[in-house]
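K.L.:
No letters, just coordinates:
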């Protein structure tokens, strides 16, 4: 009972003290306002006219922003620039600032300072390191060969005797064509005994009437050269064995031949391989990464050739692949995995036969790709 009485007395005392404090504050507020105004007027009498005008303009700018009729007025770039400029002219800008905190104003000033000095620090009149002819050639290659990336274009330039970095090529390719998704890149390569290994695999396609076609390829791992290819509608063990005979007809063959577990590779195929001294290596099921060079070629053949051609029949597919392989892939296309070398010239750096000659572009597959060379 005594505790309740003490609590009531304490709460009543606190309430009366709060009421008394508010009354005293209301009585003293006019005097404080008068004192503040008098002190401010006396201080303003000692300030320069320029500083007073700047503070007046700063207050007027804040009023203009508040009159826009929004609950929280938004300050644009022009508003920030004007307020920073006016605050710089007034030493008492902190007292005249009501819309934002002083730290915000200082942050704006630092941002403007960075922009100004970044522009002043730009090099003036720096000569271009790359010739205009090379820049135009990069843009022409990017526009005419939409499937080529920066590294692919760099390899073509090295073949012409023009040495540039990949980053430089990327800078000019961006302006020559829109950025597109180029898909997944290949990162796994065989690094040991590549000269003694070949890989073979099938590529299943469909003609214009949705009839299946099969293309068979044999690829050298060391040079990425396509040793042999052929097309059929009905692949069998006898047909595949005959392709291996034709690929090794001149007594040239690998030590190891990688293949998958396709039923098309039968006993006759293994017999031909054994007769020519080739050891057939079968990769585990669902492991295309263990035959990477051949799988990489199949992907290149699709992206660079077959995805852009409508196949009508078996002979048409054979002609298209012959032009792609024998006139472009083996003899003209630089390979990233070979250090931008061409399969037929592996071992020697790409050099232009006539460094001062005119650059000639030879179209391949109706202009789908181009082979750039120096005119003799």
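P.N.:
Alright, I've got the coordinates. Given the structure is predicted, the values throughout are model-derived calculations rather than measurements. Numbering: from 1, shown residues only.

K.L.:
all strands in the stretch 51-200 of the chain, in order from the N-terminus.
P.N.:
Taking DSSP state E, counting those that start in this stretch, the strands of the stretch 51-200 of the chain run over residues 197-206.

K.L.:
Below-threshold pLDDT in it: ranges please.
P.N.:
For the stretch 51-200 of the chain, the stretches flagged by pLDDT under 70 are 68-73, 123-128, 177-193.

K.L.:
hmm, 90 instead?
P.N.:
Applying pLDDT under 90 to the stretch 51-200 of the chain picks out residues 51-150, 152-153, 156-197.

K.L.:
Phi, psi for residue 258 please.
P.N.:
phi -90, psi 130 (degrees, to the nearest 10).

K.L.:
these two touch, right, it and residue 199?
P.N.:
Yes - assessed by Cβ atoms under 8 Å, residue 258 is found in contact with residue 199 at 4.5 Å. To be clear about C-beta, it is placed using only N, CA and C from the backbone, and glycine gets the same treatment.

K.L.:
Quick check: neighbours shared by these two?
P.N.:
291, 294 (Cβ atoms under 8 Å, 6 or more residues apart in numbering).

K.L.:
Between the two, which has more neighbouring residues?
P.N.:
Taking other Cβ atoms under 10 Å, residue 258 and residue 199 do not tie; residue 199 has more neighbours (28 against 22).

K.L.:
The closest residue to the more buried one other than its chain neighbours sits in which helix or strand?
P.N.:
Nearest non-adjacent residue to residue 199, counting by Cβ to Cβ, 6 or more residues apart in numbering: residue 294, 3.4 Å away. In this assignment (DSSP states H and E), residue 294 forms part of helix 292-304.

K.L.:
For that helix, what does the pLDDT average out to?
P.N.:
Averaged across helix 292-304, the pLDDT comes to 92.

K.L.:
What lies in contact with that helix?
P.N.:
Under Cβ under 8 Å, 6+ apart, the answer for helix 292-304 is 147, 183, 186, 188-190, 194, 199-201, 203, 215, 217, 219-221, 224, 226, 258, 288-289, 321, 324, 329, 337, 368-369.

K.L.:
Make a PyMOL selection of the buried ones in those.
P.N.:
Provided next is the PyMOL selection string for whichever of these are buried by 16 or more other Cβ atoms under 10 Å:
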select buried, resi 190+199+200+201+203+215+217+219+220+221+224+226+258+321+324+329+368+369
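
K.L.:
ok, which stretches of the protein are helices?
P.N.:
According to DSSP state H, the chain carries its helices in the segments 2-44, 49-66, 77-89, 102-120, 132-144, 150-159, 166-176, 237-247, 267-275, 292-304, 314-324.

K.L.:
taking these together, which one is wrapped up most tightly?
P.N.:
Per-stretch averages of neighbours, counted by mean count of other Cβ atoms under 10 Å, single out helix 150-159 among the helices of the chain, with a mean of 22.
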